[in-house]
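Peer 1: When you get a sec, could you give me coordinates for this:
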Amino acid sequence: MLNKPSRRELRNKRRIRVRKKIAGTAERPRLNVFRSAKHIYAQLIDDDRGVTICAASTLSPEVKEKLEGVQGGKTDAARVVGETIAEKAKALGIEKVVFDRAGYLYHGRVKALAEGARAKGLEF
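Peer 2: Below is the predicted model:
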């Protein structure tokens, strides 16, 4: 009898399948998302050079500052992270990105992060 693959294994299969098709460049970096149980992280990556251009997460000081006194859960925090990464990208002159959801469903916190980034003018 075969064991059922875990959710993590299934996500990694989706992540690898998607990463075969997308890559970030200096003009259009990859907006990568990582979601843990408590936090969400986003970073802009230039795959040509193999460097992270900028990053934001619920642990970064500027996001914590924006979240002080705000009622809401992790989805609202994800939206703020999306807005923050978009502001950082705009400051660096980046207008367009490739969205890498890293095998997560485009739903909930991942969707909120993407909508927050779009609201601040990032195109993908």
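Peer 1: Show me what the most centrally placed residue in the chain is bridged to.
Peer 2: Computing the C-alpha centroid of the chain and ranking residues by Cα atoms, centre = their mean puts V33 first, at 2.8 Å. Assessed by DSSP bridges, V33 has beta-bridge partners A42.
Peer 1: mind listing what it touches?
Peer 2: Shown in contact with V33 (Cβ atoms under 8 Å, 6 or more residues apart in numbering): I40, Y41, A42, F99, D100, R101, A102, Y104, V110, L113. In short, each C-beta sits where N, CA and C put it, glycine included.
Peer 1: how does it look with 7 Å?
Peer 2: Contact analysis of V33 by Cβ atoms under 7 Å, 6 or more residues apart in numbering lists I40, A42, D100, R101, A102, Y104, V110, L113.
Peer 1: mind listing the strands for the protein?
Peer 2: In the chain, the segments counted as strands under DSSP state E are 30-35, 40-46, 51-57, 98-100.
Peer 1: ok, and what's touching the second one?
Peer 2: With Cβ under 7 Å, 6+ apart as the contact definition, strand 40-46 has outside contacts at 24-26, 29-34, 52-58, 77-78, 81-82, 85, 89, 94, 97, 109, 113.
Peer 1: how far off strand 51-57 does it point, in degrees?
Peer 2: Angle of strand 40-46 versus strand 51-57, following axes from the mean of the first three to the mean of the last three Cα atoms, to 10 degrees, is 160 degrees.
Peer 1: where's strand 40-46 relative to the chain centroid, distance-wise?
Peer 2: A distance of 5 Å separates the centroid of the chain from that of strand 40-46, by Cα atoms, centre = their mean, to the nearest Å.
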